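S.K.: output the structure for:
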Amino acid sequence: MAGLFYMAVAACCGISLIRWRWGIYAAVLFDAVRDPARKLTPDFPLLMTLAPAAVWAAVFAGLLLERRGGAKAIFRAQPGTKRFVALLVAALLPGAAVAAATLPRGPLVAAFGAVSYLAPLLGLAIGFAFAHSAADVRRIAGWYCAVNAAMLISVPAERFGWGWQGLGGIEMEWVRYHGQEVIPLISGWYRSPDTMGLRAAHLMMFAATLAVHRPETGRRIPWWGWLLLVVWGGACLVLCGRRKMIGVPVVFVGVFAALQALREGWVKAVGMAAAGAGIAAVGIVLTAGETGLGLGNEDYLASTLGDSTERLGTETVSSIDPVLRQYGLLGNGLGSATQGHHYVAGRNLAWPESMGARVLTELGLPGTVLLVCALLALLGTFAAAVPRRGEFAPHARLQTCLLAMLAAAAACMTISHQSFSGDPMEMLLLLAIAGFVLRLGMGSGARSWGNRPPGPAQWRRANSRGVHDAPPSRRGRDRIRAYPETKLTGNG
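M.R.: Predicted coordinates:
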């Protein structure tokens, strides 16, 4: 099994070098099938979980081969991303120096940690280059839904004990204690309940996105068809038993409603979000009840919001003081808290659960401050890419849904980073979604951060050369997207 799997990965890498856009679909497929393939292989080699990341690397190489300077296009179109990358690299330097000087196998550990921070940036460039139109984003989202909806059939198979191969955890029976109850956690064909829950949550969010953003032309699946996938993903999500994963679609709905309210008003935005969430919730409850999927752990699931809120405070603000007391202002070194670092260092160096504690442990206080500045630069770029109220925005709802997905993943990552820092495929996908948002913003009335659209003076100069018959109206100027490399030509 392992040999066939590696051969398939190598073949897809070769195809991705020639047709890099096809490689993204292959990467989504390998993200789903790598866990059952690993479970069916003796000794469960860890490399089978990490090897599909090579497909993303081949996709990036194929992009560079097809377009000279293609990876730099995002820097030219969205200058804020260049500031983000520069600040991110600067944030890693203090922690890398500490790791190299103090940790066993320090340079290797630092390099391992740096890869976990920098490799996902490939996804940002790939996503930006891939999303030529909203149709491209819809196709990859639909492919993700199809692949993972099929994979989630393994969830009821494990719940009802159908005896299929590859079900359950890897050499582990996952349970959770809640008071006097023992709650079994379901993995299906995925390697853990966390992984299954995250994929089910992504299925729900992608399907909700496709239900909200309808194509104007072409073959269309009715909105209720996508809503059925939301219900299916939600029923499986309940069985993962991981409350932080169950809270992901909750954050998605809240952020979507808030962002939409800025464009369409609170009444319409909240009504749309409440209607969709209500229909999906009723469907999930009925599905779980009628099919017997429910585990009788309603009290445990009902504590999701309160527990997540408490943990958000415990794992962020409250974790700062213990980390500073234990490791000091400079931290423990880059890579010392990255998932899987013990394979490089030979032993466990640190094990913080929240992303905030991990960053402070690895980068120290100076690096953490620089990382916060980098994230603010990225947020500023997102804010500029999303159209304002009254601006021409054909893909505003699609952008809003994608941003809500990123916010939901960030909330989950803040509480527990293991599912992200230890899985390059997951981080690459999230950064690709960020690239989709920035590229779609170039086709709307949104403005590139640090650049202004052509004003009356520019139009008068163009008109004097015969480029345009008359300056556009105020509304027309709002539809013009300014690029740093844009030049007025005689094409009119």
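
S.K.: give me the most central residue, the chain.
M.R.: The structure's the chain has its C-alpha centroid closest to L430; by CA atoms, centre = their mean the separation is 2.2 Å.

S.K.: what's the helix or strand for that one?
M.R.: helix 424-441 (DSSP states H and E).

S.K.: from the chain's centre, how far out does that helix sit?
M.R.: Helix 424-441 has its C-alpha centroid displaced from the chain centroid by 6 Å (CA atoms, centre = their mean, to the nearest Å).

S.K.: related to what we said a few turns ago, which ones are touching the residue nearest to the centre of the chain?
M.R.: Neighbouring residues of L430 by CB atoms under 8 Å, 6 or more residues apart in numbering: P120, G123, L406, A409, F420. Where C-beta positions appear, they are placed from N, C-alpha and C, glycine not excepted.

S.K.: hmm, 10 Å instead?
M.R.: Going by CB atoms under 10 Å, 6 or more residues apart in numbering, L430 touches P120, G123, L124, G127, H202, M405, L406, A409, A410, M413, F420.

S.K.: taking those, please make a PyMOL selection of just the buried ones.
M.R.: A single PyMOL command suffices to select whichever of the contacts of L430 are buried according to 16 or more other CB atoms under 10 Å:
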select buried, resi 120+123+124+127+202+405+406+409+413+420
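
S.K.: tabulate the contacts of L430 (JSON lines), appending distance to I221.
M.R.: What follows is the contacts of L430, written out as JSON lines (distance: CB to CB, whole Å):
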{"residue": "P120", "distance to I221": "31"}
{"residue": "G123", "distance to I221": "27"}
{"residue": "L124", "distance to I221": "29"}
{"residue": "G127", "distance to I221": "23"}
{"residue": "H202", "distance to I221": "18"}
{"residue": "M405", "distance to I221": "19"}
{"residue": "L406", "distance to I221": "24"}
{"residue": "A409", "distance to I221": "25"}
{"residue": "A410", "distance to I221": "29"}
{"residue": "M413", "distance to I221": "31"}
{"residue": "F420", "distance to I221": "30"}
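
S.K.: next one: the residue nearest to the centre of the chain from V323, what distance?
M.R.: L430 sits 25 Å away from V323, taking CB to CB, to the nearest Å as the criterion.

S.K.: show me the helices in the stretch 101-250 of the chain, by range?
M.R.: For the stretch 101-250 of the chain, helices defined by DSSP state H, counting those that start in this stretch occupy the ranges 106-118, 121-130, 134-151, 154-159, 193-212, 223-240, 243-264.

S.K.: make CSV out of the ones you listed and add mean pLDDT.
M.R.: As requested, those are exported to CSV (pLDDT from 0 to 100):
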stretch, mean pLDDT
helix 106-118, 88
helix 121-130, 90
helix 134-151, 93
helix 154-159, 89
helix 193-212, 91
helix 223-240, 86
helix 243-264, 83
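
S.K.: A26 is nearest to which of those helices?
M.R.: Between A26 and the helices of the stretch 101-250 of the chain, the shortest separation by CB to CB is 10.2 Å, and it involves helix 134-151.

S.K.: packing partners for the closest one?
M.R.: Identification of packing neighbours for helix 134-151 by 3 or more CB pairs under 10 Å, 6 or more residues apart in numbering; DSSP states H and E yields helix 20-39, helix 121-130, helix 193-212, helix 223-240, helix 396-415, helix 424-441.

S.K.: now do the buried residues in it.
M.R.: Going by 16+ other CB under 10 Å, helix 134-151 has these buried residues: 134, 136-138, 140-142, 144-145, 147-149, 151.

S.K.: what is the end-to-end distance of stretch 327-340?
M.R.: 20 Å (CA to CA, to the nearest Å).

S.K.: off-centre distance for that stretch?
M.R.: Going by CA atoms, centre = their mean, where stretch 327-340 is centred and where its chain is centred differ by 24 Å.

S.K.: list the buried residues of it.
M.R.: With burial defined by 16+ other CB under 10 Å, the residues of stretch 327-340 counted as buried are Y327, L330, G331, N332, G333, L334, G335, S336, A337, T338, G340.

S.K.: closest to G197 out of those?
M.R.: Proximity to G197 was ranked across these by CB to CB; first place goes to G340, at 20.2 Å.

S.K.: distance check, that closest one against R242.
M.R.: When CB to CB is applied, the distance between G340 and R242 equals 20 Å.

S.K.: swap in H342?
M.R.: Note on H342: its distance to R242, by CB to CB, is 23 Å.

S.K.: what about these two, which has more around it?
M.R.: Taking neighbours as other CB atoms under 10 Å, H342 and R242 compare with R242 leading, 25 against 13.

S.K.: phi, psi for that one please.
M.R.: Note on R242: its backbone torsions stand at phi -100, psi 110 [degrees, to the nearest 10].

S.K.: wait, it sits on Y190?
M.R.: No - with contact defined as CB atoms under 10 Å, R242 and Y190 do not form a contacting pair (11.7 Å).

S.K.: ok, the nearest residue to Y343 once chain neighbours are set aside - contacts?
M.R.: Nearest residue to Y343 in three dimensions, chain neighbours excluded: L46, at 7.7 Å (CB to CB, 6 or more residues apart in numbering). Shown here is L46, whose contacts under the criterion CB under 10 Å, 6+ apart are R38, I170, G340, Y343.

S.K.: how much space separates the first one from F30?
M.R.: Looking back up the chat, that one is R38. When CB to CB is applied, the distance between R38 and F30 equals 11 Å.

S.K.: give me the common contacts of the two.
M.R.: Common neighbours of R38 and F30, using CB under 10 Å, 6+ apart, are F5, M48, A51.

S.K.: what count of nearby residues applies to the last one?
M.R.: As a burial measure, the neighbour count of A51 was computed by other CB under 10 Å and equals 21.

S.K.: ok, it - contacts?
M.R.: For A51, the contacting residues are A2, F5, Y6, A8, V9, A10, C13, F30, R34, A37, R38, P45, by CB under 10 Å, 6+ apart.

S.K.: quick one: which of these is nearest to A114?
M.R.: If you rank those by distance to A114 using CB to CB, C13 comes first, at 22.8 Å.

S.K.: secondary structure element for the closest one?
M.R.: Take DSSP H and E as the rule and C13 turns out to sit in helix 2-18.

S.K.: now what about that helix, what contacts it?
M.R.: Applying CB under 10 Å, 6+ apart, the contact partners of helix 2-18 are 22-27, 29-30, 33-34, 37-38, 40-45, 47-48, 51-66.

S.K.: go again using 6 Å as the cut-off
M.R.: Contacting residues not belonging to helix 2-18 are listed as 22-23, 26, 37, 41, 48, 51, 54-55, 58-59, 61-62 [CB atoms under 6 Å, 6 or more residues apart in numbering].

S.K.: who wins for neighbours among these?
M.R.: The member of the contacts of helix 2-18 that has the most neighbours, counting by other CB under 10 Å, is V59 with 31 neighbours.

S.K.: surely it is in contact with W22?
M.R.: No - at 8.8 Å, V59 does not count as touching W22 under the criterion of CB atoms under 6 Å.
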